[in-house]
Structures are given as structure tokens and as C-alpha cells.
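Q: Model the following, please.
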Amino acid sequence: MKMNSLGRSQTQVSEICLGSMTWGTQNTYDEGAEQIACALDHGVNFIDTAEMYPTTPLTEKTLGDTEAIIGQWFAQSGRRDEVVLATKVTGNGKAWMYGGQDITPEKIRVSVDRSLKRLQTDYIDLYQLHWPNRGSYHFRQNWTFDATTQDTAKAKDSIHEVLTELDAQVKAGKLRHIGLSNESCWGTAQFLSIAEANNLPRVVSIQNEYNLMSRLYDLDLAELSHHEQVGLLAFSPLAAGMLTGKYSKGEIPDGSRRSMNENLGGRFCASSEPVCDKYVALAREHGVDPSQMALAFCLSRPFMASAIIGATTMKQLQTNLAAVDLVLSEELKAGIQAIYREHPIPM
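A: Okay, here's the model as predicted:
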């Protein structure tokens, strides 16, 4: 398993990160524990979670259960030191989701301690802001996104306040690194410049959606990643399972994410379904597993720090882990590029 630096830090993370958002609903504790053990055996040292998980479905009753499952595994296995652990603080949203307030210094203090308790650990390796207070174009919001509604001074003041509190948490030994999620190029640049001007913690990563059908990161954020050494942690590299081919021809397997969320957060739609079928067909024409092709493509990107995989079965997990051994041929890469040129933003 290839290791990559987390930003400019000395921390090394595996090119595959084990996602956990199904643990507590679609997966039991025992299944989650089995996934962790298998991933570590394959060289993975990176696990991603969030205080709001599990998400499939997202309910008040199960809020925080995924962190608790990971904490139970740490306590029972004694293998905390083998894992680079990432979690996230939830931002504004539904009132039942930790109050629904903005990410503020007070919110960070409460959430860090709450996560540490559930995770049964003294520190978090990577603490991420789940989405920006000012709003985001992610999760299909790009179609109606309007940045002119934002207050520039307020946004910058909020970033400075948050970074100051994160600095205090790092100095207290509770956090080691900080990262962003569902962020923009402008937002990330502000975090970097404000941190540099005030000697505050530097962002090491951005966790945004990235897959064959969602490639907004290829543009301005890719340029920022290159110049500032802030790597991408790609979530949904399989487009919520669409790129596996399991939803082809209208199939909705029992227990799958689509059986609980029919449009997969806006991903499964009239414009995306036929494009997904083209990528799946391309993989099969080349004798390659569609999931592995999609993941290998992500891993080949120069800005990729780690691709976050999620699985509900061990067979899925083992298939995904094997993607690290796949090298895309020039012909296959040309086929991917041809589909991309024809359908750059299908969902």
C-alpha cells in the first residue's frame, strides 16, 4: 500500500482510507470491526468518520454511533496506535444534529470532547470542518450556488476564530492536524493565508467528493493542491456505488444505499445513469472490474492524498482494496477521457 504525506506534515497515510459511515445502521459493530482488521491487514492505516455518522440513513437516534463503534474497537483491540484517525465537526443544519449551529469556538470545544469520549482516545489525528459556515456548492448545490450572498468580512472573521480555537486544541494535545471538507478554493486559500499571518495551524487536507462523474476538483482546487501541498481526501470515489455497476438496468439490491436513498443524494438521475453505464461498460470491455477502474483512476490523480472507500460487505471491501494493484492502460485512460469530454458534469 502506497503512503502519502498528509499535507506538509510528517504524518503518512495510506492511499486508501477506510470510510465508516455505514457502521451503526447498515453494518453492525462486528462487521465494522471485521472491516477494520481486514483493511489494516492490507496496509491501510487511515480511518475516516464524523460526529454525525452513520448516514445511511441519517437519524437523531443513531447520531454518533459510528464514532462509538470505532471507540469500542480501539478499546477491545488495543490497536489505536496503528491508525491515523480522522473525524469531523458538524456545521449548521438540522437542529437535532448537535444543535444545528455554526462551527464556532464553543462548538469545537464541545464536539472535540464529545468525539474523544465516544472514540475512547486521547487525541484525534485529523480534525475536519464538515462544511463551511457560509454555505457550499457541494452535494449538487452547484446548480444554484450564489456566492454573492456571503459576507466577506464575516467569513474571514469566522475562519480566524475557528483557527484560533483549533490551535488551542492542538496545543492541548487533543488534535494533531486540521482539515476541511466540502470546501471551495477561495475558502481553503483563506484558511491558509489567515493561518500563515497569525501562526495558526495549517490545513493539511480537503475532503471533497471526487469520482469519474464528479470532477470539479480538477480545476482551481487541483492547482491549489499542487502549489500549497494540501491533498484531496476523495469521498464517494464510486459515486455512492453507482460506478460499481450494481444499479444498472434499474437494479436496487436489498440493503444497498439506494434501497434507503433512491436518488443517492441527487447522484442517480436521468442525466447520470447513462453516463455511469458508459464507464461500467468501458471497464468491462477492458476486462477490468468497474469498481477497481473507478478507484484506480482516483488514485492516479496527482493531488490525491487518499481515496475513502466504504463497503457493506467483505466482498466489496476486498474488491476495493485490490484497486491499488490496478494500473490503467493508456487505451483505458483515453476511453475515460473521451467519456469525460462528452459528459463533464452528468450529476
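Q: Need the residues that contact the longest helix belonging to the chain.
A: In the chain, assigned by DSSP state H, the helix with the most residues is helix 152-171. Defining contact as Cβ atoms under 8 Å, 6 or more residues apart in numbering, one finds that helix 152-171 is touched by 102-105, 108-109, 112, 127, 129, 132-134, 175-176, 178, 187, 190-191, 194-195, 198, 200-201. Glycine gets a C-beta too; all of them are placed from N, C-alpha and C.
Q: Helices of this structure, start to end?
A: Listed in chain order, the helices of the chain (DSSP H) span 29-41, 65-77, 105-119, 152-171, 185-198, 220-228, 273-285, 290-299, 314-321, 330-342.
Q: Let's have those in TSV, adding mean neighbour count and mean pLDDT.
A: Written out in TSV, the entries for the helices of the chain read as follows (neighbours: other Cβ atoms under 10 Å; pLDDT from 0 to 100):
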stretch	mean neighbour count	mean pLDDT
helix 29-41	18	98
helix 65-77	20	98
helix 105-119	18	98
helix 152-171	17	98
helix 185-198	17	98
helix 220-228	16	98
helix 273-285	18	96
helix 290-299	24	98
helix 314-321	17	97
helix 330-342	13	98
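Q: closest to Gly250 out of the ones you listed?
A: helix 273-285 (9.1 Å; Cβ to Cβ).
Q: Let me know the angle separating the closest one from helix 330-342.
A: With axes from the mean of the first three to the mean of the last three Cα atoms, to 10 degrees defining the directions, helix 273-285 sits at 170 degrees from helix 330-342.
Q: Give me the most central residue, this structure.
A: Phe235 (3.5 Å; Cα atoms, centre = their mean).
Q: Could you find the closest non-adjacent residue to that one?
A: Nearest-residue entry for Phe235: Ile308, 4.9 Å, with adjacent residues in sequence omitted and distances by Cβ to Cβ, 6 or more residues apart in numbering.
Q: Please enumerate the strands of the stretch 1-150 of the chain.
A: 3-5, 12-14, 16-19, 46-48, 84-89, 124-129 (DSSP state E, counting those that start in this stretch).
Q: Any chance of these in TSV with mean neighbour count, distance to Asn211 and mean pLDDT as columns?
A: Below are the strands of the stretch 1-150 of the chain laid out as TSV (neighbours: other Cβ atoms under 10 Å; distance: least, Cβ to Cβ, whole Å; pLDDT from 0 to 100):
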stretch	mean neighbour count	distance to Asn211	mean pLDDT
strand 3-5	15	19	98
strand 12-14	21	19	98
strand 16-19	26	13	98
strand 46-48	26	16	98
strand 84-89	25	19	98
strand 124-129	24	19	98
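Q: Pipe those into TSV and attach distance to Val230 per row.
A: Converted to TSV, the strands of the stretch 1-150 of the chain look like this (distance: least, Cβ to Cβ, whole Å):
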stretch	distance to Val230
strand 3-5	11
strand 12-14	13
strand 16-19	16
strand 46-48	16
strand 84-89	14
strand 124-129	12
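Q: related to what we said a few turns ago, bridging residues for the residue nearest to Phe235?
A: Residues in a beta bridge with Ile308, per DSSP bridges, are Cys17.
Q: Next, the contact list for it, please.
A: Counting by Cβ under 8 Å, 6+ apart, Ile308 makes contact with 17-19, 48, 207, 233-237.
Q: Let's see that with 6 Å instead.
A: Contacts were defined as Cβ atoms under 6 Å, 6 or more residues apart in numbering; by that measure Ile308 touches 17, 19, 48, 235.
Q: before we move on, what about Met347?
A: Met347 makes contacts with 213, 267, 272, as judged by Cβ under 6 Å, 6+ apart.
Q: give me that answer again for 10 Å
A: Taking Cβ atoms under 10 Å, 6 or more residues apart in numbering as the criterion, Met347 is in contact with 140, 211, 213-214, 239-240, 242, 263-273, 275-276.
Q: And Ala334, how close does it get to Arg341?
A: For Ala334, the distance to Arg341 (Cβ to Cβ, to the nearest Å) stands at 10 Å.
Q: again, but for Ala311
A: Where Arg341 is concerned, Ala311 sits at a distance of 31 Å (Cβ to Cβ).
Q: Just the pLDDT for the spatially closest residue to Ile103 that is not a sequence neighbour.
A: In space, Ile103 comes closest to Gly91 once its chain neighbours are excluded; the distance is 4.9 Å by Cβ to Cβ, 6+ apart. What the model reports as pLDDT for Gly91 is 95.
Q: and what of Met1?
A: For Met1, the pLDDT comes out at 94.
Q: quick one: it from Gly245, how far?
A: Noted for Met1: a distance of 25 Å to Gly245, by Cβ to Cβ.
Q: between these two, who's got more neighbours?
A: Applying other Cβ atoms under 10 Å to Met1 and Gly245 shows that Gly245 carries more neighbours, namely 21 against 13.
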